[in-house]
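S.K.: generate a structure from the sequence data that follows.
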Amino acid sequence: DDDGNRLSASLVDPSALIITERNVRLALYFVFEVQRYLRAKMGSDRLRQQGGLRIITTLDLRMQTAAERATAGGRRPDHAQLAMVGLEPNSGEVLAMVGARPGTEGEFNRATQAWRSPGSAIKPFTYGIALEAGWTQASTVLDSPVEYRTPQGIWRPRNFDGRFLDRPVSIRYALNHSLNLPAIRAAQAIGVQRLGDKLPLAGF
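M.R.: Take a look at the predicted model:
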C-alpha cells in the first residue's frame with residue numbers, strides 16, 4: 001500500500017523455502033549446540049521461514065582453534081571418545097567446545113549430551129580440599145573394603161577393577177590410579193559436607 005506494507009504475496013519458486021546447510025568447518029559442535037538451542041526456543045519452522053536473524057554467540061575463535069588442535073593431537077585408544085569445553089568462569093560463557101574426537105561423524109555432542117554421573121571427576125576436588133586442610137601428596141589413606149548402611153541396604157563400593165591393595169597408599173598414588181576406596185575414605189576424613197560445599201562452584 002502507500003505506506004509500504006505488504007498486502008498479499010504468492011510463492012513463485014518453491015525452492016526458495018529450501019535453505020541449504022552451511023559447510024561448517026570450525027567449531028562444528030558449538031554451531032550444532034547453538035542450532036539445537038534455537039530450535040528448542042523458536043522451533044524449526046520459525047527459524048527457516050522468518051529469516052533475518054542475527055545470532056551473537058560467545059565463541060572465542062582463538063580458544064576454539066587451540067581446543068581443536070589440542071584434541072587432534074595425543075595418543076588415545078582406538079575407540080576412545082573425548083569432549084572439551086572452555087568456559088569463562090565468572091559468567092559461564094562458553095568460549096570453546098569440542099564435542100567428539102576429530103573425524104567422528106554425526107552431531108552427538110559428548111560435552112552436552114552424554115549424561116553421566118560425575119564419577120572420578122570428583123576425586124581431584126576431594127584431594128584438593130584435603131591439601132587445603134593440610135594434607136600432602138604423601139599423606140596416606142587405606143585402599144581396603146568399606147561398607148555403609150543406606151535406606152536401600154548395604155553399599156559396598158569397589159575400585160574399578162574390583163581389586164584393592166588392602167594397605168595405605170599415598171593420595172598421589174590413589175589419584176594417579178583413580179582408586180575409588182581411598183577417595184571415599186579421604187572424603188570421609190575431610191568431611192563430605194565440606195566437599196559438597198565446593199562442588200557447586202565447580203559446576204557439579
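S.K.: every contact and neighbour count from this point should use C-alpha atoms.
M.R.: OK.
S.K.: pLDDT-wise, which helix or strand of the protein ranks last?
M.R.: helix 44-50 (a mean of 72; mean pLDDT, DSSP states H and E).
S.K.: roughly how far is the next helix or strand along the chain from that helix from the heart of the chain?
M.R.: Moving toward the C-terminus from helix 44-50, the next helix or strand (DSSP states H and E) is helix 61-72. Centre-to-centre, helix 61-72 and its host chain are 16 Å apart (C-alpha atoms, centre = their mean, to the nearest Å).
S.K.: cool, stretch 162-181 as well?
M.R.: Stretch 162-181 sits 26 Å away from the centroid of its parent chain (C-alpha atoms, centre = their mean).
S.K.: next one: stretch 173-184
M.R.: 22 Å.
S.K.: who touches that stretch?
M.R.: 120, 123-124, 126-127, 141-146, 157-160, 169, 171 (C-alpha atoms under 8 Å, 6 or more residues apart in numbering).
S.K.: average pLDDT across that stretch?
M.R.: In this model, stretch 173-184 has an average pLDDT of 94.
S.K.: buried ones in that stretch?
M.R.: 174-175, 178-184 (16 or more other C-alpha atoms under 10 Å).
S.K.: please apply the same query to stretch 78-88.
M.R.: 83-84, 86.
S.K.: pull the CA atoms of it into PDB?
M.R.: Only the C-alpha atoms of stretch 78-88 are listed here, as PDB (Å, rounded to 0.1, in the frame of the first residue of the first chain):
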ATOM      1  CA  ASP A  78      41.200 -46.700  19.100                       C
ATOM      2  CA  HIS A  79      37.600 -46.300  20.200                       C
ATOM      3  CA  ALA A  80      38.100 -43.700  22.900                       C
ATOM      4  CA  GLN A  81      36.000 -40.600  22.700                       C
ATOM      5  CA  LEU A  82      36.500 -37.100  24.200                       C
ATOM      6  CA  ALA A  83      35.000 -33.700  24.800                       C
ATOM      7  CA  MET A  84      36.300 -30.300  25.900                       C
ATOM      8  CA  VAL A  85      34.600 -27.100  26.900                       C
ATOM      9  CA  GLY A  86      36.300 -23.800  27.600                       C
ATOM     10  CA  LEU A  87      34.300 -21.500  30.000                       C
ATOM     11  CA  GLU A  88      34.600 -18.000  31.300                       C
END
